[in-house]
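Novice: Pasting the sequence and the predicted model now:
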Amino acid sequence: MRHHILAATAMVGALLAPAIASAANYTLWIHGRSTGGNTQPGSHSYFGHFGSANTAAGVNKRAVNWDGRSRIADQNVHIRNALDCYCTGPNFCYIAAHSAGDAQIGYALAQFGTSSRSNKNATPNASGVCGNSGGTQTGWNIKWIDIASGAGGGSELANLGHWAVSDPLTGDLRTATMRSLYNHNATQGKWFYMFAGAKGTLYSGVLPGQDDEAVAYHSTGGVSQTGSFCNPGDWFCDGTLQTGTGGANKGSTRISLWSNHTVELRDDSEQYGHGAGGSWGGIVGPVRQDMVRYAL
């Protein structure tokens, strides 16, 4: 199942329902870990983590900024505020998340995706909180979610102290901690489309299998277990990360992905690194292109 088919269906539905004239679609971009201070928590207009705010990145794009250093649970309020702002009432959202942003949207859905939300007016104040527009609903109106090198499964760099920093997020990013932080299968029926980069060199001896220098395929592919998973034909791995919902091979055993996860891009050519480089680069690049094409 491809999410652009869902987008096309939604467009047809919108054309057939002109009475809902005030409805709008938004594209929310959730950044990941940040040690350089290039975030403005609560801002929905600052895209410094990704690149120029003038770059096309989906319909009505909004930035979802958090501090990039604190624990997922402590900063998740900024993600929920943005979801309330743009994904309630008649409005729907497409979500794009990078690295630890994967854990932020996953945590929000698992922990709060069945909670009662007040419908909002999509007009945020300086803290990123929108006013009430009347009524409530359960959870959020999300069409689908693109994930650029997701860290929802954690990173061995956090396990082994290769990030020599004391920020609390590094503690969350340990593989065992991250995988037990929330129920990754509880997506409330929302599909996660995983874009897994493999341009890894510096930490190739630390990260298992294919990696993008920060996160390995077991995480970026949404695999339900850790392991050394690679592209087809690569040696010294537990097995191959499959595209689509095929999961990963570990010897003769098939390891499933988390529910409602699918591998949209496996970096067979090993050309996509982890960071955006301030220019919508790396693995963020193909996600941005996907949003431009299908988030309408």
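Specialist: Sure thing, it's come through.

Novice: How about Tyr46, nearest residue that isn't a chain neighbour?
Specialist: Of all residues not flanking Tyr46 in the chain, Gln40 sits nearest, at 4.3 Å (CB to CB, 6 or more residues apart in numbering). In short, each C-beta sits where N, CA and C put it, glycine included.

Novice: What's the local residue count around the one you found?
Specialist: Gln40 has 17 neighbours, counted by other CB atoms under 10 Å.

Novice: and after the top helix by length along the chain, which helix or strand comes next?
Specialist: The helix spanning the most residues in the chain, taking DSSP state H as the definition, is helix 72-86. Later in the chain than helix 72-86, the nearest helix or strand by DSSP states H and E is strand 92-98.

Novice: Do you have the strands of this structure handy? List them.
Specialist: 25-30, 61-64, 92-98, 116-124, 130-138, 142-148, 192-196, 229-230, 239-240, 248-250, 253-255, 261-266 (DSSP state E).

Novice: Note down every partner strand of the first one and its orientation.
Specialist: Which is strand 25-30. strand 61-64 (parallel), strand 92-98 (parallel) (DSSP bridges).

Novice: what residues does that strand touch?
Specialist: 10, 47, 50, 57-64, 66, 79, 82-83, 86-87, 91-98, 101, 104-105, 122, 143, 291, 295-296 (CB atoms under 8 Å, 6 or more residues apart in numbering).

Novice: follow-up on the earlier one: list the buried residues in the longest helix of the chain.
Specialist: Across helix 72-86, burial judged by 16 or more other CB atoms under 10 Å covers 72, 75-86.

Novice: And for stretch 162-172?
Specialist: Neighbour-count burial for stretch 162-172 flags Trp163, Asp167, Pro168, Leu169, Thr170, Asp172 (criterion: 16+ other CB under 10 Å).

Novice: where does the stretch 101-250 of the chain have low pLDDT?
Specialist: The model of the stretch 101-250 of the chain has pLDDT under 70 over residues 163-164, 203-204.
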